[in-house]
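Peer 1: Below is the sequence, then the predicted model.
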Amino acid sequence: MFTRLRISWVALAFAAVVLCGSQAALAQGAAEKAAPSLYDRLGGLAPISVVVSDFIDALVADAVLNANPAIDAARKRVPPAYLKYHVTAMVCQATGGPCQYSGRGMKETHVHLNITEAEWGRMVGIFKEVLAKYEVPAKETQELLDIVGSTKADIVMSSGK
């Protein structure tokens with residue numbers, strides 16, 4: 001009887017440990033799933049579209065970038081509103097929002113512009129200025145910069161070209 005009782009207590013204790021561990025794992029999994037996306041932390045589509053609008057306005061008017069004849073020609077050919085639409089959709093999608101970017105790929109879009117490392121740096125600097133203007137928190141700023149950085153290889157002209 002004592003052995004049977006002891007086995008029952010051991011089995012019960014084991015079950016309790018497994019259940020507690022499972023509850024903790026489930027709670028952690030739920031917390032991870034419930035973590036808001038970058039899109040949500042940025043406030044959704046409206047704030048993203050405002051930041052993108054200011055960013056595109058700054059890019060279009062930038063004398064340093066427009067010194068590149070290919071960029072200057074593209075600025076004159078492509079309406080800013082069109083750029084704003086596509087960049088907003090791209091940022092929305094890349095940050096976990098419901099939008100679907102339907103434009104051309106980064107390489108296809110930028111290859112003919114011959115964008116240099118210096119021009120890339122200028123664009124990133126303008127982007128940082130716009131994010132600072134809207135007081136985008138450091139964590140979200142870094143996540144956005146990481147997303148932008150992931151496109152660099154498709155945008156900046158390689159030294160071999």
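Peer 2: Structure's in. What do you need?

Peer 1: Report all helices and strands that the helix or strand containing residue 119 contacts.
Peer 2: Residue 119 belongs to helix 117-133 when assigned by DSSP states H and E. Judged by 3 or more Cβ pairs under 8 Å, 6 or more residues apart in numbering; DSSP states H and E, helix 117-133 is in contact with helix 45-61, helix 63-66, helix 138-149. Where you see a C-beta, it was placed from the backbone N, CA and C, and this is true even at glycine.

Peer 1: any chance of those in a markdown table, plus mean neighbour count?
Peer 2: What follows is these, written out as a markdown table (neighbours: other Cβ atoms under 10 Å):
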| stretch | mean neighbour count |
| --- | --- |
| helix 45-61 | 17 |
| helix 63-66 | 14 |
| helix 138-149 | 14 |
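
Peer 1: List the buried residues in stretch 91-110.
Peer 2: Going by neighbour count (16 or more other Cβ atoms under 10 Å), the buried part of stretch 91-110 is 91, 92, 94, 95, 97, 99, 109, 110.

Peer 1: what's the domain layout of the chain?
Peer 2: Domain assignment for the chain by automatic domain parsing gives 1-35, 38-155.

Peer 1: Now do the shortest one, average pLDDT.
Peer 2: If you average the pLDDT over domain 1-35, you get 49.

Peer 1: Kindly report the same for stretch 82-96.
Peer 2: Mean per-residue pLDDT for stretch 82-96: 98.

Peer 1: Need the contact partners of it.
Peer 2: Stretch 82-96 has contacts (Cβ atoms under 8 Å, 6 or more residues apart in numbering) with 37-40, 42, 45, 48-49, 52-53, 55-56, 60, 98-103, 143-144, 147.

Peer 1: Same list (the helices and strands packed on helix 117-133) but as a markdown table, adding distance to residue 77 and mean pLDDT.
Peer 2: Shown next, in a markdown table, are those (distance: least, Cβ to Cβ, whole Å; pLDDT from 0 to 100):
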| stretch | distance to residue 77 | mean pLDDT |
| --- | --- | --- |
| helix 45-61 | 12 | 98 |
| helix 63-66 | 13 | 96 |
| helix 138-149 | 23 | 98 |
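
Peer 1: Residue 155 is nearest to which of these?
Peer 2: Of all these, helix 138-149 sits nearest to residue 155, with 9.3 Å by Cβ to Cβ.

Peer 1: got the angle for that closest one vs helix 45-61?
Peer 2: Computed by axes from the mean of the first three to the mean of the last three Cα atoms, to 10 degrees, the angle separating helix 138-149 from helix 45-61 equals 50 degrees.
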